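Enquirer: Using only what follows, build the 3D model:
(one chain, ligands or ions: 1)
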Amino acid sequence: MMVCEYKPGLEGIPAAQSSISYVDGQKGILEYRGIRIEELAEKSTFLETAYLLIWGKLPSKEELETFEHEVRYHRRIKYRIRDMMKCFPESGHPMDALQASAAALGLFYSLRDLHNPVYIRDSVVRLIATIPTMVAAFQLMRKGNDPVRPRDDLDYSANFLYMLDEREPDPLMARIFDICLILQVEHTMNASTFSARVTASTLTDPYAVVASAVGTLGGPLHGGANEEVIQMLEKIGSVENVRPYIEDCLQSKSKIMGFGHRVYKVKDPRAIILQNLAEQLFEKFGHDKFYDIAQEMELVVEEKLGSKGIYPNIDFYSGLVYRKMGIPTDLFTPIFAIARVAGWLAHWKEQLAENRIFRPTQVYNGLHEITYTPIDKR
Ligand code: SDX
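Expert: Purely as a prediction, here's the structure:
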């Protein structure tokens, strides 16, 4: 058996063969099933892109209408899950609430028929349809209010924004939110997708797969960075403080949130699109001084770290878009999860198609042949 050299974080080590998405980190290219994200962001919708990723082709008009219909009429969550969420502490993080609720879904659908395309499709529809409802339900309940029922007359993104604060969103905000979901849906073998594939490879149910991936996404080095970026911009407070802040980070060797990427060594193509979306919102709904701070950060970080290939990633601008929409900061990562569920499910399906349980090896650097020392001799 060929033994590869140990690489921390499996950097550069292929963990799967996949045809779902492709990244060129040097050129800043991201494709979903071969289609550039710039084209999908301009012409597609989140549900159409989710279909493309999961079933490997753009749906026909009828296929898309059927998929949209199924998702629209599966948005409600079981009252028992809602009652369970009422017991969650208001101070809990919404990502923990989402992970618990996604796992709880599995209690209602425990019969696994992983080789049945109908079971796979039902699980996909149920998870894509209910995850936004769970995120919105926890948001209202932690404020002491009853969650609102999804509105069947609103499309996917407009309905989520409605469920967050019981107001129909501005059409431009709903469209921009839908594009944000397209940009966040899939990104090859990132940590949470790898987590999903490892969990899927044991043939557990898709609800456990998604719960496992949600837990992984929440970390500040991964999906949790978008929340940290806003907290960083608040802490910096003004354009004048940007350079001293960055110099302190470099001095203390601490990471600057929203910058850097294991794969992209140029500006993340998703950040470029998100920056444009943010500017559209500022033009219509008024400026945000945090944007000035962010642009100054981008200039100073390029000056200091550009030679290392450290540029803005997706999380640097996504938070500014959501902040302009009035979305609470600690919901930014759950929104990332709302999008990424479709990517995780595409990888779940791909893993099942040619499964081999993940069981890597290790480089052992511990001791051998140690004699047990009785407790009275230690
Ligand atoms: C996402 O994988 C994906 O595809 C993820 C994602 C997706 O769509 O799923 O794109 C979403 O997770 C985006 C990343 C969000 N995270 C952050 O913004 C947190 C800040 N970024 C860093 O933690 C870091 O850039 C990572 C974790 C994203 C990538 O880290 P790597 O590839 O492991 O790089 P590294 O930590 O080995 O750093 C290499 C060098 C180091 O300097 P030296 O020790 O060589 O001198 O670059 C430096 C690091 O100090 N560096 C940074 C930095 N990122 C890397 N220095 C300051 N600030 C940073 N943000």
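Enquirer: Can you say which helix or strand has the closest residue in space to Ala104 that isn't next to it in sequence in it?
Expert: Taking C-beta to C-beta, 6 or more residues apart in numbering, and ignoring the residues beside it in sequence, Ala104 has Ile81 as its nearest neighbour in space, at 5.4 Å. (C-beta placed from N, C-alpha, C; glycine too.) Taking DSSP states H and E as the criterion, Ile81 maps to helix 79-86.
Enquirer: Now do the buried residues in that helix.
Expert: Ile81, Arg82, Met84, Met85 (16 or more other C-beta atoms under 10 Å).
Enquirer: which helices and strands sit right next to that helix?
Expert: Contacting helix 79-86 under the criterion 3 or more C-beta pairs under 8 Å, 6 or more residues apart in numbering; DSSP states H and E are the following elements: helix 94-108, helix 117-142.
Enquirer: where along the stretch 251-378 of the chain do the helices fall?
Expert: 269-285, 289-305, 314-324, 332-353 (DSSP state H, counting those that start in this stretch).
Enquirer: what's the domain layout of the chain?
Expert: 19-220+328-353, 225-324 (automatic domain parsing).
Enquirer: how about the helices and strands packed on helix 79-86, which one is nearest the ligand?
Expert: helix 94-108 (13.7 Å; C-beta to the nearest ligand atom).
Enquirer: Not counting its own residues, what contacts that closest one?
Expert: 77-78, 80-81, 84-85, 88, 126-127, 130-131, 134-135, 138-139, 142, 205-208, 210-211, 214-215, 217-218, 224, 330-331, 333-334, 337 (C-beta atoms under 8 Å, 6 or more residues apart in numbering).
Enquirer: Just the buried ones from those residues, in ChimeraX syntax?
Expert: Here is the ChimeraX command that selects only those of those that count as buried (16+ other C-beta under 10 Å):
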select :77,81,84,85,88,126,127,130,131,134,135,138,139,142,205,206,207,208,210,211,214,215,217,218,224,330,331,333,334,337
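Enquirer: Tell me which residues touch the one residue in the stretch 201-350 of the chain that gets nearest to the ligand, please.
Expert: Residue nearest to the ligand within the stretch 201-350 of the chain: Gly260 (2.3 Å; C-beta to the nearest ligand atom). Contact partners of Gly260, counting by C-beta under 8 Å, 6+ apart, are Leu305, Ile310, Tyr311, Asn313.
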